[in-house]
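1. Turn this into a model:
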Amino acid sequence: KSGEFFTLKKFSQSIENIRKAYEKLGYLEVEVVHHPRILEEAGRVDFTVEVKEGQIIYVEKIAVEGLTKTRTKIARREIVQEEGERYDGEKVELSKRNLSNTGYFENVFVLTEKGSKPSARVLIFRLSEGRTGTLQIGMGFSSLNGFVGFASISKRNFDALDHPFKKDNQSPYFTGAGQNIATSFELGTKRTNFDVSWTNPWINDRLGRLGPSPRFPTSLTTRVFRSGQEYDQYNEDRAGGNVRMGKTFGHYITGFVGYRFEGVALSDIRAGAPSSILLLGSRDDVVSALSFGGGYDHTDNIFWPTRGIRLAVENEVAGLGGNVKFNRPSVDIRAFRPGGWKNVWAFRTNFVTVSNPFNSDVPPDYEKFYLGGPGSVRGYDDRDLNIRNVNGQKEGGRTAWFYNFEYRIPVLENTFSLLFFHDGGMVSSSAYSLGGDFKPSAGLGLRVQSPMGPIRLDFGYRLADTYNGSNDKGQFQPHFSFGQQF
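-> This is a model prediction of the structure:
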């Protein structure tokens, strides 16, 4: 701006913004030329910016290249620029974002070629299909779960009909229909878990049907699971499933409704168990819960965002059948912005609370909240941030809030990165309350991109005692896990 201190970065960004503004109006071949005039005595530089618009360009045809297994319709439905329309640079960038966010393509390039008229262009999306399957096998140990062996397999862009026995079919198999499946299994001294999920992100689009896809997708996700956990004071076994249907409104807003049905069996309850578990005793519960919510995502990439905001709100209500009743709203906010070079500032905050507006029953402990560990407040062990009564019994809180603040530094692009973090959070015994003891931490993290997915190793430094009398302030806590934290 006029009167500001000159920086080349800001000036270059201003020129780029002018170019993008004209491209949005269809001026694909716009030229933005600047002429500087240096006034040494005044210590000032003046710029004259000349814009050569050129002609308005129309998209005569859209072509998709580079697909070997993925069906063309899977890619075409993510492209929001349409044939016959005036070229819109913003729609083209949004199309690239949509294609990248599927997770099916390693690279997305956009090219243009001359059409049949001077004002017509052929828009080419050149794609290279990436690896869409992930296999993870390993072992771990924690004070909560003991020794655990685990295995998981996931597949994006899944196609059940793309099997090895199909005539003239080539690997990779089970690829190309745009569905996602995942299954995981854990077996340990204190924990067992089995989980299977399937998602169709475009349930409202038939791949075999001719003609264009719906403008915006409707998704369907189903999941079944079974788990067992041996805590110090009781055992918990859970089995059930859930279904969720989502709808996209515009390019950035989503909404969903879901249903969860789950059986929970409590057994071998011992002294020191949470008060809500002692009140329930050994019994079998049934949770029947309806959930609804929405989100806003204006980040540049769903997997590795470098700029933008992501918001998610959800409310789950149990009591439509079953014998467990509660209301649980939650809010999750994430923000990202460039931090110089290719570094990124990343921030997340999460708030969740549970209450029972239906009767005087206290929500059971397995529907309450614990913090600590790689998914919430690093520097403290899993579930170590909780509520402790006068007898030293540990139980979950009815409100939990935490935040994560990271500065991410890619050392080797798409291979190895380093980060510094500061976390903090609290657990409160009351619903809709932030009156719990705040526990902060800080530390260093490493990220390695492997064929099994991102590997996370964090070293958290406690900036407070875990609880009154623990005397562990200033200790380090390592965390090992898979996947991006947020």
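
2. need the strands for the stretch 251-400 of the chain, in chain order.
-> Using DSSP state E, counting those that start in this stretch, the strands found in the stretch 251-400 of the chain span residues 253-267, 284-297, 308-322, 326-338, 344-353, 387-388, 394-395, 399-412.

3. Just put those in JSON lines and tack on mean pLDDT.
-> Formatted as JSON lines, the strands of the stretch 251-400 of the chain follow (pLDDT from 0 to 100):
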{"stretch": "strand 253-267", "mean pLDDT": "97"}
{"stretch": "strand 284-297", "mean pLDDT": "97"}
{"stretch": "strand 308-322", "mean pLDDT": "96"}
{"stretch": "strand 326-338", "mean pLDDT": "97"}
{"stretch": "strand 344-353", "mean pLDDT": "98"}
{"stretch": "strand 387-388", "mean pLDDT": "90"}
{"stretch": "strand 394-395", "mean pLDDT": "88"}
{"stretch": "strand 399-412", "mean pLDDT": "96"}
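
4. so which of the ones you listed comes closest to Gln477?
-> Ranking the strands of the stretch 251-400 of the chain by proximity to Gln477 (Cβ to Cβ) places strand 399-412 first, at 14.9 Å. For every residue, glycine as well, the C-beta is placed using N, CA and C.

5. Mind putting the strands of the stretch 251-400 of the chain into CSV with distance to Ser441 and mean neighbour count?
-> Formatted as CSV, the strands of the stretch 251-400 of the chain follow (distance: least, Cβ to Cβ, whole Å; neighbours: other Cβ atoms under 10 Å):
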stretch, distance to Ser441, mean neighbour count
strand 253-267, 31, 16
strand 284-297, 28, 17
strand 308-322, 23, 17
strand 326-338, 19, 17
strand 344-353, 14, 19
strand 387-388, 19, 20
strand 394-395, 19, 20
strand 399-412, 10, 18
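
6. Reformat the ones you listed into CSV and put distance to Ile181 next to each item.
-> Output for those, formatted as CSV (distance: least, Cβ to Cβ, whole Å):
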stretch, distance to Ile181
strand 253-267, 18
strand 284-297, 22
strand 308-322, 23
strand 326-338, 25
strand 344-353, 27
strand 387-388, 38
strand 394-395, 36
strand 399-412, 29
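
7. among those, which is nearest Asn98?
-> strand 284-297 (11.3 Å).

8. For Tyr22, grab phi and psi.
-> Recorded main-chain torsions at Tyr22 are phi -70, psi -40, according to degrees, to the nearest 10.

9. residue contacts, the residue lying closest to it once chain neighbours are set aside?
-> Nearest in space to Tyr22, with sequence neighbours left out and distances taken as Cβ to Cβ, 6 or more residues apart in numbering, is Val30 at 4.1 Å. Counting by Cβ atoms under 8 Å, 6 or more residues apart in numbering, Val30 touches 19, 22-23, 51-54.

10. So Val30 versus Glu16, what's the distance?
-> 12 Å (Cβ to Cβ, to the nearest Å).

11. What helix or strand is the residue lying closest to Tyr407 once chain neighbours are set aside located in?
-> Using Cβ to Cβ, 6+ apart and skipping residues adjacent in sequence, the residue nearest Tyr407 is Phe420, 4.9 Å away. Element membership of Phe420 [criterion: DSSP states H and E] is strand 416-428.

12. Check Glu93 too.
-> Glu93 belongs to helix 89-101, assigned by DSSP H and E.

13. What of Val224?
-> Residue-wise, Val224 maps onto strand 218-230 under DSSP H and E.

14. Direction included, what does that strand pair up with?
-> strand 191-200 (antiparallel), strand 235-249 (antiparallel) (DSSP bridges).

15. element containing Thr134, please.
-> Per DSSP H and E: strand 133-142 holds Thr134.

16. Could I get the average pLDDT for that strand?
-> On average, the pLDDT along strand 133-142 is 83.

17. report the angle between the axes of that strand and strand 191-200?
-> Per axes from the mean of the first three to the mean of the last three Cα atoms, to 10 degrees, the angle that strand 133-142 makes with strand 191-200 is 160 degrees.

18. List the contacts of strand 133-142.
-> 147-156, 172, 381-382, 451-453, 480, 482.

19. Can you point out the buried residues in that strand?
-> 133-134, 136, 142 (16 or more other Cβ atoms under 10 Å).

20. for stretch 425-436, same thing?
-> By 16+ other Cβ under 10 Å, the buried positions in stretch 425-436 come out as 425-429, 431, 436.

21. Kindly report the same for stretch 159-168.
-> Neighbour counts over stretch 159-168 (16+ other Cβ under 10 Å) mark 159, 162 as buried.

22. if I pick the spatially closest residue to Arg77 that is not a sequence neighbour, what's in contact with it?
-> Spatial nearest neighbour of Arg77, chain neighbours left out: Ser213 (3.7 Å); criterion: Cβ to Cβ, 6+ apart. Ser213 makes contact with 73, 76-77, 202, 205 under the criterion Cβ under 8 Å, 6+ apart.

23. Just send these back as CSV, with pLDDT and secondary structure too.
-> Below are the contacts of Ser213 laid out as CSV (pLDDT from 0 to 100; DSSP: H, G, I helix; E, B strand; the rest coil):
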residue, pLDDT, secondary structure
Lys73, 94, helix
Arg76, 95, helix
Arg77, 95, coil
Trp202, 96, coil
Asp205, 93, coil
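
24. Name the surrounding residues that touch stretch 471-486.
-> Under Cβ under 8 Å, 6+ apart, the answer for stretch 471-486 is 136, 140, 303-304, 334, 346, 348, 373-375, 378-381, 404, 441, 443, 447, 452-466.

25. Any of these buried? List them.
-> Counted by 16+ other Cβ under 10 Å, the contacts of stretch 471-486 give 136, 304, 334, 346, 348, 373-375, 378-381, 404, 441, 443, 447, 453-456, 458-464, 466 as buried.

26. Next, work out how far apart Gly435 and Met426 are.
-> Gly435 is 8 Å from Met426, by Cβ to Cβ.

27. And the residue nearest to Tyr22, what's its pLDDT?
-> On the pLDDT scale, Val30 gets 94.

28. returning to what we had before: which stretch among the strands of the stretch 251-400 of the chain comes nearest Pro118?
-> strand 308-322 (37.0 Å).

29. Any figure for the gap between Tyr231 and Lys117?
-> Distance from Tyr231 to Lys117, by Cβ to Cβ: 72 Å.

30. meant to ask about Ser227, not that
-> According to Cβ to Cβ, Ser227 and Lys117 sit 62 Å apart.
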